[in-house]
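[1] Quick one: sequence and predicted model below, then my questions.
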Amino acid sequence: DAGVTQSPTHLIKTRGQQVTLRCSPKSGHDTVSWYQQALGQGPQFIFQYYEEEERQRGNFPDRFSGHQFPNYSSELNVNALLLGDSALYLCASSPTGSEQYFGPGTRLTVT
Amino acid sequence: GQQVMQIPQYQHVQEGEDFTTYCNSSTTLSNIQWYKQRPGGHPVFLIQLVKSGEVKKQKRLTFQFGEAKKNSSLHITATQTTDVGTYFCAFSGGSNYKLTFGKGTLLTVNP
């Protein structure tokens, strides 16, 4: 039984560019959340998707958008990248919306 | 919004010593979750507490939720080098699906 998978593992982008990160949830999980984790900090909630709809959003600008597909996989899109967007982006899935099962993350570096 | 404060920020112990990290909130929490993140890894769910005064044990780990549901602790007995990592507390509340994390306690263990 595969856990949460994310791609790519690492990514380097230039300021102003756009990036798409991908996530496949754990089998049987229908809820996907995205978090941003800066170095030395706890994960910060970006948004959560359920039934292909954004169910809740954290304090992130509209440059951050997402999508959930019928097979429950999800994408996180970030437009007009800033240096401050450099972080580990974590996807988490859940069967109930409670405890989260995290993927290995995508390390994004913006130069 | 609601936040949790974790103390200490860092803790270095000799192998075999005990370790405790605390999670405090100024407001009542509906639940508390604990996660462990190994260096270079992703958060891994350890446990969820929901009842006032609840105590749960997992081998050498003991988790407590305060009577007023405003604080929680994680105690590790006789630390081992495998316990190294950052321990985060997190909470969600009511119809609030997002998890809000503390800043974590980084535990290092000297063999």
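    Received, thanks.
[2] Show me the shaky parts of chain A.
    Along chain A, the parts satisfying pLDDT under 70 run over A:1, A:96-97.
[3] Number of residues surrounding residue B:58?
    11 (other C-beta atoms under 10 Å in any protein chain shown). Any C-beta I mention is one placed from the backbone N, CA and C, and that applies to glycine too.
[4] tell me the contacts of it?
    With contact set as C-beta atoms under 8 Å, 6 or more residues apart in numbering or on different chains, residue B:58 has these partners: B:46, B:47.
[5] Next up, phi/psi of it, please.
    Dihedral pair for residue B:58: phi -130, psi 100, per degrees, to the nearest 10.
[6] what about the closest residue to chain B within chain A, distance to residue A:88?
    Nearest residue of chain A to chain B (C-beta to the nearest C-beta) works out as residue A:42 at 3.3 Å. Going from residue A:42 to residue A:88 by C-beta to C-beta, to the nearest Å gives 11 Å.
[7] Which of these two has more residues huddled nearby?
    Set side by side, residue A:42 and residue A:88 show more neighbours around residue A:42, with 22 against 18, by other C-beta under 10 Å.
[8] got a list of what the more buried one touches?
    Contact partners of residue A:42, counting by C-beta under 8 Å, 6+ apart, are B:88, B:90, B:101, B:102, B:103, B:104.
[9] Excluding sequence neighbours, find me the nearest residue to residue A:51.
    residue A:30 (7.3 Å; C-beta to C-beta, 6 or more residues apart in numbering or on different chains).
[10] Look up which residues are beta-bridged to the residue sitting nearest the centre point of chain A.
    For chain A, the residue sitting closest to the mean C-alpha position, by C-alpha atoms, centre = their mean, is residue A:34 at 3.4 Å. Beta-bridge pairing of residue A:34 under DSSP bridges involves residue A:47, residue A:91.
[11] What about chain A: which of the contacts of residue A:42 touch it?
    The subset of the contacts of residue A:42 within reach of chain A, by C-beta under 8 Å from any C-beta of the partner chain, is B:88, B:90, B:101, B:102, B:103, B:104.
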